[in-house]
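J.: Whatever this is, show me its structure:
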Amino acid sequence: MDTLTAEQKRQRAKLAYWQAINVNVVALTFLKLSIGLCLFRLRDGFASWFKWTLWFMLGFVGVWGIFGVISLLLHCQPVAKHWDDRIEGTCYSFELFIKIGTVVTGLAFCSY
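T.: Below you'll find the predicted structure:
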């Protein structure tokens, strides 16, 4: 890593930023939605609450994915400030994302 130039480090950070949006948020959201849709094949014979719970969870995951992409896109204004410190702008603190992630993870574990 020490052999990279400043421009190469900025390019690497830019690629990591877009990878985080594409893989970590969008792809995982679609993965969860596809698993949920596959569960509809199993719902025959189950109570009606299962169907409504599944619809609720699919909606929640979809909305959560949209907000995840929006939060990453709006993390810095302008967006390029995320990977290029030379640009003037502002970014939200990473501690905010860590706190939100901790709360959501805690709620997810409590729901099971």
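J.: Without its sequence neighbours, what residue ends up closest to the spatially most central residue of the chain?
T.: Most central in the chain under C-alpha atoms, centre = their mean is Val25, positioned 3.4 Å from the mean C-alpha point. Counting by C-beta to C-beta, 6 or more residues apart in numbering, Val25 lies nearest to Gly68, which is 4.2 Å off, once chain neighbours are set aside. All C-beta atoms are positioned from the backbone trio N, CA, C, and that covers glycine.
J.: Only the buried residues of the strand or helix carrying that neighbour, if you could.
T.: Assessed by DSSP states H and E, Gly68 sits inside helix 48-73. Using 16 or more other C-beta atoms under 10 Å as the test for burial, helix 48-73 gives Leu54, Leu58, Val61, Gly65, Gly68, Leu72.
J.: so how far is that helix from its chain's centroid?
T.: 12 Å (C-alpha atoms, centre = their mean, to the nearest Å).
J.: again with stretch 95-102
T.: 12 Å.
J.: so for that stretch, what's the average pLDDT?
T.: For stretch 95-102, mean pLDDT is 78.
J.: Show me the contact partners of that stretch.
T.: Stretch 95-102 is contacted from outside by Ser71, His75, using C-beta atoms under 8 Å, 6 or more residues apart in numbering.
J.: And for stretch 2-22?
T.: Val69, Leu72, Leu73, Ala80, His82, Trp83, Asp84.
J.: picking up where we left off before, distance of the residue nearest to the centre of the chain from Trp18?
T.: Remark: distance between Val25 and Trp18 (C-beta to C-beta, to the nearest Å) = 11 Å.
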